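> what would the 3D arrangement of this be:
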Amino acid sequence: MRTRHIVIAKYYLVQLTKAIGRLRKPIERSFEYGYIIEKEFNDITKANEFYDLADELMLQNTSKHVCHLTPNYMKNFCDTVLDWADAEVSAGTKYETLIFIMIKEGLILDKFNICRKCVCIWSIHQKYIIDIRFTEPSEKVDFVMNNHKKYMREVELACAQYNHLADESKKKRPEERISAKSPF
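Just a heads-up that it's a prediction; the model follows:
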């Protein structure tokens, strides 16, 4: 292949990647809005409209989804934070380790897509990470120490909802899953 063709192919690959990236936020927001409408207003019909829209966008753009924010992942995260809280190290080391954990989790939240199954976990996890991020630096360690148990209870409820949706998805016959246009 000639150099010119390689440059053109790379250009179109970059353009395609940008286009797919631009669709990630509308898909994510549709799942998020569906979740908010379901939880805050208890309107399952309207929530499903948003979930279905996100599913359609994912299918149209051949977006594949594998849940990364699973109950297992959240258990490991909570255990990591508990180990961090129990560690007998200097306040400076504790703060630096917390910052490292928060950066890692922020990157994970930014990197992975969500679906109607994992949006419940994503929503709680994102709020917790953002709350920590916007807490004054001198208060971050105390914030986590004082709020982690409450966060763990919220995660338990979200994981129960995730497991319920996973069970419901497994009960459907394969042709129903395909006709529902759901990517999970």
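> ok, and the closest non-adjacent residue to F112?
Excluding the flanking residues, the one nearest F112 by Cβ to Cβ, 6 or more residues apart in numbering is H68, at 4.3 Å. All C-beta spots, glycine's among them, are computed from the backbone N, C-alpha and C.
> give the helix, strand or coil label for the one you found.
When classified by DSSP: H, G, I helix; E, B strand; the rest coil, H68 comes out as coil.
> give me the number of residues near it?
H68 has 15 neighbouring residues, counting by other Cβ atoms under 10 Å.
> so who does it touch?
108, 112, 118 (Cβ atoms under 8 Å, 6 or more residues apart in numbering).
> the second one contacts K64, correct?
No. With contact defined as Cβ atoms under 8 Å, F112 does not reach K64; the gap is 11.5 Å.
> ok, those two, which is more surrounded?
The residue with more neighbours, out of F112 and K64, is F112; 16 against 8, by other Cβ under 10 Å.
> care to break this protein down by domain?
Using the TED database, the domain parsing of the chain gives 1-61, 71-170.
> mean confidence for the shortest one?
Going back to what we said before, that points to domain 1-61. Averaging pLDDT along domain 1-61 yields 82.
> just give the nearest non-adjacent residue to the residue most central in space within the chain, would you?
Note on the chain: the residue nearest the mean C-alpha position is W122, at 3.6 Å, using Cα atoms, centre = their mean. Leaving aside its sequence neighbours, W122 sits nearest to I114 (Cβ to Cβ, 6+ apart; 4.7 Å).
> tally of neighbours for the one you found?
I114 has 25 nearby residues by other Cβ under 10 Å.
> before we move on, what about F134?
By the criterion of other Cβ under 10 Å, F134 has 9 neighbours.
> just the helices in this structure please.
In the chain, helices defined by DSSP state H lie at 3-41, 44-60, 71-86, 91-111, 119-133, 140-171, 174-179, listed in chain order.
> so which of the ones you listed is the most packed in?
Across the helices of the chain, the average number of neighbours (mean count of other Cβ atoms under 10 Å) peaks for helix 119-133, which reaches a mean of 19.
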